[in-house]
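S.K.: Sequence first, then the predicted structure:
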Amino acid sequence: MSHVSIAETFAAAKKDDRAVLVGCMPAGFPTVDHSIEQMIAMHEAGCDVIEVELPYSDPVMDGPVIQKASDIALANGVRTRDTLKIIEAVASAGATVVLMTYWNPIEKYGIDAFARDLAAAGATGLITPDLIPDEAQEWIAASEKHRIDRTFLVAPSSTDERLAMTLGNCRGFVYATALMGVTGARTSVSSQAPDLVARIRAIDPELPIGVGLGVGNGAQAAEVAAFADGVIVGSALIRCMLDAPDRSTGLQRLRALSTELAEGVRRR
């Protein structure tokens, strides 16, 4: 089965003059089957891309909501193999899937084997928050070989030289972190984000830019969609499930928020 790549998803949204909605959910939270159901619900409600996060014991970039959800998944025994199974199920449902993971689990698994199995499962891209291109030679080679789009992160503190080098090594899109600090929904969108996006565009006008960190509702999604190519939402979606009194209420809230965010990125 051929899967729609992240690059194709951005190109299609650009044609429609709107931004892409990327919705994140940790694999195996709270269980493998439940996480599949949640991700498919997000996809059906309007998330263009599902960003599956591989739960990790030391998620340095993630805020308390994602950490808590990852801890629950790990406590329930989720493994890298389960994450690949989850990706396969979600990609088979028609979603464009990218994986976000810290580098250690990939190194443990074997870099080339990981790229091969990730592609076979149906993921079209990989986001590596703690891997910099200068140290990514093996990953760059494996991702080229297995045709996985590579997403590195840039921040407001990145120098122009660092931006250019990072953008040159990205495929699919670049992840612009709009705030210094960990992820999590904020009450307002960072003013540093538009500046960072403008700096990226000046260096590479073609590469799509996804902005993450802080979006929690449709109005904020529309605000970010006004200057970015993609709006990345994690904590707000995860909180729908974490804070719900029961599972069906959580799924209802998750669908409603996904729909609201999807309308937001179309409203820009």
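M.R.: Alright, I've got the coordinates. Numbering: from 1, shown residues only.
S.K.: Show the residue spans covered by the strands in this protein.
M.R.: Using DSSP state E, the strands of the chain run over 20-26, 49-53, 96-100, 125-127, 149-151, 153-154, 174-177, 209-212, 230-233.
S.K.: So, low pLDDT: which residues of the protein?
M.R.: Scanning the chain for pLDDT under 70 picks out 1, 60, 179-190, 213, 268.
S.K.: List the contacts of the top helix by length along it.
M.R.: In the chain, assigned by DSSP state H, the helix with the most residues is helix 247-267. With CB atoms under 8 Å, 6 or more residues apart in numbering as the contact definition, helix 247-267 has outside contacts at 16, 18-21, 23, 34, 37-38, 41-42, 44-48, 215, 217-222, 225, 231, 233, 236-237, 240-241, 243-244. To be clear about C-beta, it is placed using only N, CA and C from the backbone, and glycine gets the same treatment.
S.K.: make it 6 Å
M.R.: Helix 247-267 has contacts (CB atoms under 6 Å, 6 or more residues apart in numbering) with 18-19, 21, 41-42, 45-47, 218, 221-222, 225, 231, 233, 240-241, 244.
S.K.: cool, and stretch 73-92?
M.R.: By CB under 6 Å, 6+ apart, stretch 73-92 touches 3, 26-29, 31-32, 35-36, 39, 50, 52, 54-55, 97, 105, 109, 117, 121-123.
S.K.: Would you write a PyMOL line that selects the buried entries of the residues you listed?
M.R.: Filtering the contacts of stretch 73-92 down to the buried ones (16 or more other CB atoms under 10 Å) takes a single PyMOL command:
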select buried, resi 3+26+27+28+29+32+35+36+39+50+52+54+55+97+105+109+117+121+122+123
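S.K.: now the helices for the stretch 1-150 of the chain?
M.R.: 6-15, 32-44, 64-75, 80-92, 103-109, 111-121, 137-146 (DSSP state H, counting those that start in this stretch).
S.K.: Quick one: work out the angle between the first one and strand 96-100.
M.R.: Direction vectors for helix 6-15 and strand 96-100, defined by axes from the mean of the first three to the mean of the last three CA atoms, to 10 degrees, enclose an angle of 120 degrees.
S.K.: and helix 6-15, what other elements does it pack with?
M.R.: strand 20-26, strand 96-100 (3 or more CB pairs under 6 Å, 6 or more residues apart in numbering; DSSP states H and E).
S.K.: any idea which residue sits dead centre in this structure?
M.R.: The residue lying closest to the centre of the chain (CA atoms, centre = their mean) is residue 51, at 3.7 Å.
S.K.: Just list whatever residues bridge to that residue.
M.R.: residue 24, residue 98 (DSSP bridges).
S.K.: That one contacts residue 24, doesn't it?
M.R.: Yes - look at residue 51 against residue 24 with CB atoms under 6 Å: they come within range, at 4.1 Å.
S.K.: Number of residues surrounding residue 75?
M.R.: 11 (other CB atoms under 10 Å).
S.K.: what's the answer for the one 3 residues further on, then?
M.R.: Using other CB under 10 Å, residue 78 is surrounded by 24 other residues.
S.K.: what sits against residue 125?
M.R.: Shown in contact with residue 125 (CB under 6 Å, 6+ apart): 6, 98, 149, 151, 172.
S.K.: Format those as a markdown table; extra columns: neighbour count and distance to residue 258.
M.R.: Putting the contacts of residue 125 into a markdown table (neighbours: other CB atoms under 10 Å; distance: CB to CB, whole Å) gives the following:
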| residue | neighbour count | distance to residue 258 |
| --- | --- | --- |
| 6 | 30 | 18 |
| 98 | 29 | 17 |
| 149 | 18 | 23 |
| 151 | 24 | 21 |
| 172 | 24 | 22 |
